[in-house]
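# What would the 3D arrangement of this be:
(one chain, ligands or ions: 1)
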Amino acid sequence: MPITAQWALAAVLVLLIAPRLLRRLQLSRAKHPSLTGHARIARMLAKFVPCYEYDDEHFFRADGAPELVATQRRSAFQRLASLYAQRFALTAQKTAEVQGGISDLQFTARYRVPFQFSRLVRQHLNAGAFVSSSSGPTTTDLDGNRRYDLTGSYGVNVFGYNFYKECIERGSARVRDLGPVLGALHPLTADNVQRLRQISGLDEISFHMSGTEAVMQAVRLARYHTTRRYLVRFCGAYHGWWGDVQPGVGNPQRARDTFTLRDMNTRSLTVLQSRRDIACVLVNPLQALHPNIAAPSDSTLLDSSREAHFDRAAYTKWLQQLRAVCTERGIVLIFDEVFLGFRLARGGAQEYFGVKADMVTYGKTVAGGLPIGVICGRRDLMRRFREDRPADVCFARGTFNSHPYIMGAMNEFLLKLDSPVIQAHYRDLDRIWDERAAMLNKQLLEAAVNVRVANLSSVWTVRYLQPSQYNWMFQYYLRAQDLALSWVGTGRLIFSLDYTDADFAAVADRFVSAAKQMQADNWWWPGTELTNKAIRRRVLQEMLRVRLHRPLDRSVALAEDTKELASKA
Ligand SMILES: Cc1ncc(COP(=O)(O)O)c(C=O)c1O
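Purely as a prediction, here's the structure:
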């Protein structure tokens, strides 16, 4: 081939390949550098994490603390264990009886604390999983322990349990005549639709059985109407457990049609601006509290690097930028408000941040305490068929969609939403919860404990200021103070809006007492000079030793660390 032809061929190839390379580069640059930002690598590495457990000796000295400190911790653990055994006896016994038959319980029990510590904790600090009643912001277990509820029932409980009991009771009474007739609609459905249209500012509504299902259908519709392939989600954001929105650890299959981009970063905007194959962008506004970080859970709390800080102005600007680029590129902007909808404002995150989405998903609270997923969307996006192509449909049905009992409880919820009592909750909402968080932080500061809280309105997370491998123990001190936490422990505290100042003051006092006791028991051993990085490095070394079938000789590691600390001193 003559040389000029070769050059021409090379030039054509470069012209063809260069745009692809550029797009690939842009995509790589828009990924968050953490493992959470690299779903494929995270899934691959997860398979190599070996299981090992600290024995009794190392359980109390994982951070290289001297024997004296370990002894203090051991006796504190024993004290706590006998308190649990005494106070939660019936609840724990009932749980033990059924645990083998309930997969969910086995999973949550296993992932309350880092796996290295899990066995001893499961054996000795078992508060059980059963509750028998609720009242106001409290729940009561089978042993009669009444606790302030900080679980928020996964976010469902926005207005207090009494509110939801009423929604369910009154709603059930209103649909009783029809009973469980499915397919045909109860007349209350029409009112629900009108109210949701008004609240969301969007044209059409569809009802589903869970938040996960609503998100699935919203994405499916976006793909159908744009005829594009990819969905974009942001690093760390939870959108339910459907495969495409959960591309990382937890999903046995690779999600091929999902891009996970950096939250609040202009490089992600560049990707949205330059590609033609993106159908939709999913936003979970809860990420504003901890952008690019997965929902915090104590099962991964091996050090103190958990970060959280809500900047409303910065997040508002980010949503505005997203809105602009989605409009420009014909990408469907979906706000997933399954968690936060109705918690921040009557009109949810759209109202709170002042940004309109093309579709919004609601769930959790909106059916007055019963299971639900809702999509509100623009008319052109919600249609499941094409006028000109009768065989090209976007199928979505569900046996229990629009179930009369759910429609009844939802109607009560939506009616109550406009009542003066509930409107009063929304007034000054952020001021109240920001002040409460500041008050608790002040008390923690005065008590000289290295624990703080960060909040997005009534959703809180606990932060730890001093590097430590034992922060996960704090959840057990909080439970001993009759504060109920969900299985993610101190990663997420969810308050219902019916907490009075007196209720909150009681929670704050208990919280501070728990922290002081844990400090007195020397879990946050002040002599440690360990950094978070050093903790992570040590854990990594342990994993490597186990992978290489070397004994987990912690005494050698501890001796080395002690030497290192001594030389630093
Ligand atoms: C933002 C968000 N989307 C979707 C879901 C899934 O909802 P469900 O658990 O009802 O399937 C959740 C659940 O926590 C959520 O927080």
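# ok now stretch 151-167, how far from the chain's centre?
Stretch 151-167 has its C-alpha centroid displaced from the chain centroid by 18 Å (CA atoms, centre = their mean, to the nearest Å).
# can you check stretch 363-376 too?
17 Å.
# And for stretch 139-146?
26 Å.
# Excluding sequence neighbours, find me the nearest residue to the most centrally placed residue in the chain.
When CA atoms, centre = their mean is applied to the chain, the residue found nearest the centroid is Ala295 (3.6 Å). Residue nearest to Ala295 in three dimensions, not counting chain neighbours: Tyr238, with 5.3 Å by CB to CB, 6 or more residues apart in numbering. Quick note: C-beta positions are derived from backbone N, CA and C, even for glycine.
# if I pick the one you found, what's in contact with it?
Gln246, Asn284, Leu286, Ala294, Ala295, Phe339 (CB atoms under 8 Å, 6 or more residues apart in numbering).
# Leu15: neighbour count?
9 (other CB atoms under 10 Å).
# typed the wrong thing, it's Asp503
16.
# quick revisit: just checking, the residue nearest to Ala295 is part of a helix?
No: in this structure, Tyr238 is coil, not part of a helix, as judged by DSSP: H, G, I helix; E, B strand; the rest coil.
# Next one, pLDDT for Asp553 please.
pLDDT recorded at Asp553 is 60.
# follow-up on the earlier one: just checking: which of the contacts of Tyr238 also lie near the ligand?
Asn284, Phe339 (CB under 6 Å from any ligand atom).
# Please identify which of the contacts of Tyr238 is nearest to the ligand.
Nearest to the ligand among these: Phe339, at 3.4 Å, using CB to the nearest ligand atom.
# show me the contacts for the closest one.
Here Phe339 is in contact with Gly155, Gly211, Tyr238, Asn284, Leu286, Gly363, Lys364 (CB under 8 Å, 6+ apart).
# same check, this time on Gly128
Listed by CB under 8 Å, 6+ apart, the contact set of Gly128 reads Phe88, Leu90, Thr91, Ala92, Gln93, Lys94, Thr95, Asp141, Leu142.
# Kindly report the same for Val338.
With CB under 8 Å, 6+ apart, Val338 has these contacts: Gly155, Gly211, Ala214, Val215, His239, Gly240, Thr361, Tyr362, Gly363, Lys364, Gly373.
# Same list, these, but only the ones touching the ligand.
Gly211, Val215, His239, Gly240, Gly363, Gly373.
# circling back to that earlier point, closest one of the contacts of Phe339 to Trp472?
Proximity of those to Trp472 (CB to CB) peaks at Tyr238, which lies at 20.4 Å.
# Just give me the closest of the contacts of Val338 to the ligand.
Nearest member of the contacts of Val338 to the ligand, counting by CB to the nearest ligand atom, is Gly211, at 2.3 Å.
# from memory that closest one sits against Thr361, does it?
Yes: contact criterion CB atoms under 8 Å: Gly211 and Thr361 qualify, at 6.6 Å.
# Which neighbours do these two have in common?
Asp336, Val338, Gly373.
# Quick one: those residues as a markdown table, columns for secondary structure too.
Formatted as a markdown table, the shared contacts of Gly211 and Thr361 follow (three-state DSSP):
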| residue | secondary structure |
| --- | --- |
| Asp336 | strand |
| Val338 | coil |
| Gly373 | strand |
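# if we can go back for a sec, mind checking which of the contacts of Val338 are in strands?
Of the contacts of Val338, the ones assigned to strands by DSSP state E are Thr361, Tyr362, Gly363, Gly373.
# Taking the stretch 1-150 of the chain, what residue is nearest to the ligand?
Taking CB to the nearest ligand atom, the stretch 1-150 of the chain has Asp104 as its residue nearest the ligand, at 12.3 Å.
# can I assume that residue sits in a helix?
Yes: Asp104: assigned to a helix according to three-state DSSP.
# which ones are touching Gly155?
The contact partners of Gly155, by CB under 8 Å, 6+ apart, come to Val338, Phe339, Leu340, Arg343, Lys364, Thr365, Val459, Ile494.
# Actually, Asn441.
Here Asn441 is in contact with Arg452, Val453 (criterion: CB under 8 Å, 6+ apart).
# how near is it to the ligand?
Going from Asn441 to the ligand by CB to the nearest ligand atom, to the nearest Å gives 26 Å.
# related to what we said a few turns ago, would you mind giving the contacts of Tyr238 as a markdown table with secondary structure and pLDDT added?
Compiled in a markdown table, the contacts of Tyr238 are given as follows (DSSP: H, G, I helix; E, B strand; the rest coil; pLDDT from 0 to 100):
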| residue | secondary structure | pLDDT |
| --- | --- | --- |
| Gln246 | coil | 94 |
| Asn284 | coil | 98 |
| Leu286 | helix | 98 |
| Ala294 | coil | 93 |
| Ala295 | coil | 91 |
| Phe339 | coil | 98 |
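# Nearest to Arg323 among the contacts of Tyr238?
Out of the contacts of Tyr238, the member with the shortest distance to Arg323 (by CB to CB) is Asn284, at 15.7 Å.
# which residue sits closest to that closest one, ignoring its sequence neighbours?
Per CB to CB, 6+ apart, closest to Asn284 is Ala237, 4.2 Å.
# Confirm for me that Arg329 is in contact with Thr270.
No: the pair Arg329 / Thr270 is not scored as a contact, 11.5 Å apart, by CB under 8 Å.
# Pull up the overlap in contacts between these two.
With the criterion set as CB under 8 Å, 6+ apart, the contacts of Arg329 and Thr270 do not overlap.
# how does this protein divide up, domain by domain?
Domain assignment for the chain by automatic domain parsing gives 56-158+428-520, 186-294+311-386, 540-568.
# List, one by one, the residues from the protein near the ligand.
For the chain, the residues in contact with the ligand (CB under 6 Å from any ligand atom) are 154, 210-212, 215, 238-240, 284, 336, 338-339, 363, 373.
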